[in-house]
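Enquirer: Below are the sequence and a predicted model; questions follow.
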Amino acid sequence: MSTATSAPAPRGGVLGRARELAPEFAVGLGVTLAIAAATTVGKLVVPVAVQQTIDTGVLAEGGPDVRRVVTVCAIAAVVVLMTTVTAWVVNVRLFRSTEAGLASLRVRAFRHVHDLAVLTQSGERRGALVSRVTSDVDTISTFLQTGMLVLVLSLGQVVLATAVMFFYSWQLALVVLGCFIPLVLIRNRLQRPVAKAYALVRVRMGEMLGAISETVVGADVIRAHAASARSWRAVDAAVEGHRKQAVKAQVATAATFSAGVVVSGLVVALVIVVGTLLGIGGELTLGRLLAFLFLAQLWVGPVQATTEVLNELQNALAGWRRVVELIDTPVVVPEPAGDRVQALPAGPVDVRVEDVAYTYPGTEKVVLADVALHLPAGSRTAVVGETGSGKTTLARLVTRLVDPAHGRVLLNGVDARDLPSRELHRRVVAVPQEGFLFDASVGANVRRGRPGATDDDVRGAFAELGLTGWLDGLPEGLDTPVGQRGERLSAGERQLVALARAHLADPDLLVLDEATSSVDPATEVRLQRALEGVLSGRTSVAIAHRLSTAEAADTVVVVDGGRVVEVGSAVELAQAGGPYSRLHAAWTAQHA
């Protein structure tokens, strides 16, 4: 399931949606636009100064008036200088507001990614998700900080220049408008394929980043299986796909740009010809004709610049839609609100699963059906079953990483959906089969379980797990860096750190997804002894891929085909002749 296809389209228009998602964009915008308008007015001083200098200074009655020329030029110089200052102020204000808005947008998108259900995140490649929060927002940044200013100033410049052109010569003004109005009318048709092309450019960018990210993260597996050539071909294909689409977008843009260039050249030529004829007829002074040529350039320049800006705008709109689609992707595990919010009673967690069913979002595939369980507070439960039977989904329901399609999960009598996620995940901690580590030290990773814990607290957690000897054997002890994703440690060592992190968190319900599966046999024995003390006084649920875990549990839950088929002690179920008995027999034979 892709977030790009499942999310609704942006609502409320581009500007309204921008203000809704990142109100910082609009802070001081009115003042900025007012200063920008003053900057635009300042640009008209040169044509007016040219007209006044020629008509009232150089060609003044009685001969050239040097004083008049100097006065007009001095006034024009002051206005141009002031325009330079106001342009600088506009840029500074625009940069500050857009950076604040973009930062807010990035944070909101990033937080929403974390709010999405695990399966929703898995439905889109990680690189594509990262692309939406980084690359797609960058395209918006590029337009807002460069293109938008050009667009606003250009539109103001065109409006003011048009008014002055009609003041100097309505005939020449009609010539200019007659050339550009047809171009404006057909521009929408020219821009539609450009918009579609740039939307696909953003999609191909996400695919390319996803392919590259996957190849970098999986480099060891790729080398181990001699799959480098295939991986390179996949990355090459993604890069080539992005290149081809980018070229198509530029080709579509070239048609609009070329049309603007042709019309711009035509305008200048016609103004010279028609203006000369009007001058010969005595209807236009030389100063006004020269001023009109400057005004025509003030018209032509913005039109050409607008063509380039519209290129950036299409790219930014494509990126904007992808970011908004991500933010609008429904959160299927929402936070409770209003009167629904409840607190989780203190103490070991009593778990009740009442008539629970679960299906993958957007599909009819039933993962769990009619599940009813009671896991008493302080009990140790092992969930066993074949691969794909629904064990991990059951654990996700208990920890509320997903919500049931039917039924409910009660923790100490409270529906898990009514518990704020921050409190829930402080009291209910899961240790996955492959413990993820951040690019920091061993101590910093363990402190993620309880922010503010001291080094002595962290060492105490390792000591209670019987891992002091392992910790002391590290090159720098707690300060040993683990590298990205913990790559400087072995798989088993990463799991030790993850277990210490969970233990330091001191949860009331601990869910273990075969958390010792990556540990060598000697360390596993040591950990099993330590876990006896660690699990005392709290409820635990272990997803057991090895029956040695089930043997140590109070209760064994057997899941088969998405249903709970057996519940009992390991000894009872081993003798019952059911699914667990068969699993136990196979396990015993394997370890005989």
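Expert: Received the coordinates, thanks. Numbering: from 1, shown residues only.

Enquirer: Packing partners of the one helix or strand G30 maps to?
Expert: For G30, the element it lies in under DSSP states H and E is helix 29-43. Where contact means 3 or more C-beta pairs under 8 Å, 6 or more residues apart in numbering; DSSP states H and E, helix 29-43 is packed against helix 66-115, helix 148-168. Using the backbone N, CA and C atoms, a C-beta is placed for each residue, glycine as well.

Enquirer: next structured bit after it?
Expert: Where DSSP H and E defines the elements, the next helix or strand beyond helix 29-43 is helix 45-53.

Enquirer: quick revisit: confidence-wise, which of the helices and strands packed on helix 29-43 is weakest overall?
Expert: Among the helices and strands packed on helix 29-43, helix 148-168 has the lowest mean pLDDT, at a mean of 80.

Enquirer: gap between that one and the chain center?
Expert: Relative to its parent chain, helix 148-168 has a centroid offset of 37 Å by C-alpha atoms, centre = their mean, to the nearest Å.

Enquirer: hmm, back to that, how about the helices and strands packed on helix 29-43 in a markdown table, adding mean neighbour count and distance to G30?
Expert: Converted to a markdown table, the helices and strands packed on helix 29-43 look like this (neighbours: other C-beta atoms under 10 Å; distance: least, C-beta to C-beta, whole Å):
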| stretch | mean neighbour count | distance to G30 |
| --- | --- | --- |
| helix 66-115 | 16 | 11 |
| helix 148-168 | 18 | 12 |
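
Enquirer: Which of these sits closest to L394?
Expert: Closest to L394 of those, according to C-beta to C-beta: helix 66-115, at 22.2 Å.

Enquirer: Distance from the chain centre to the closest one, please.
Expert: The answer for helix 66-115 is 28 Å, by C-alpha atoms, centre = their mean.

Enquirer: tell me the angle the longest helix along the chain makes with helix 148-168.
Expert: In the chain, with assignment by DSSP state H, the single longest helix is helix 228-280. Interaxial angle, helix 228-280 versus helix 148-168 (axes from the mean of the first three to the mean of the last three C-alpha atoms, to 10 degrees): 10 degrees.

Enquirer: list the helices and strands helix 228-280 packs on?
Expert: The contact analysis (3+ C-beta pairs under 8 Å, 6+ apart) places helix 228-280 against helix 170-217, helix 286-327.

Enquirer: can I get the ones you listed in a markdown table with mean pLDDT and distance to F438?
Expert: Compiled in a markdown table, the helices and strands packed on helix 228-280 are given as follows (pLDDT from 0 to 100; distance: least, C-beta to C-beta, whole Å):
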| stretch | mean pLDDT | distance to F438 |
| --- | --- | --- |
| helix 170-217 | 75 | 15 |
| helix 286-327 | 76 | 23 |
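
Enquirer: tell me the most buried of those?
Expert: Burial of those is given as mean neighbour count (mean count of other C-beta atoms under 10 Å); helix 286-327 ranks first at a mean of 22.

Enquirer: average pLDDT for the helix or strand following it?
Expert: As assigned by DSSP H and E, the chain's next helix or strand after helix 286-327 is strand 351-359. Averaging pLDDT along strand 351-359 gives 91.

Enquirer: And stretch 560-576, by the same measure?
Expert: 88.

Enquirer: For it, give me every contacting residue.
Expert: Stretch 560-576 has contacts (C-beta atoms under 8 Å, 6 or more residues apart in numbering) with 366-373, 382, 385-386, 389-390, 547, 550-551, 553-559, 578-581, 584.

Enquirer: chain center to the longest helix of the chain: distance?
Expert: Remark: helix 228-280 is offset 30 Å from the chain centroid, using C-alpha atoms, centre = their mean.

Enquirer: and if you look at stretch 545-555?
Expert: From the chain centre to the centre of stretch 545-555 is a distance of 41 Å (C-alpha atoms, centre = their mean).

Enquirer: Could you do stretch 346-358 as well?
Expert: 34 Å.

Enquirer: who's in contact with that stretch?
Expert: So stretch 346-358 is contacted by 366-378, 390, 393-394, 397-398, 402, 404-413, 427-428, 508-509, 537-539, 541 (C-beta under 8 Å, 6+ apart).

Enquirer: if we go to 6 Å?
Expert: Under the criterion C-beta atoms under 6 Å, 6 or more residues apart in numbering, residues 367-369, 371-375, 377-378, 393, 404-412, 508-509, 538-539 lie in contact with stretch 346-358.

Enquirer: Over to stretch 20-39?
Expert: Stretch 20-39 is contacted by residues 18-19, 83, 86-87, 89-90, 93-94, 97, 100-101, 104-105, 152-153, 156 when judged by C-beta under 6 Å, 6+ apart.
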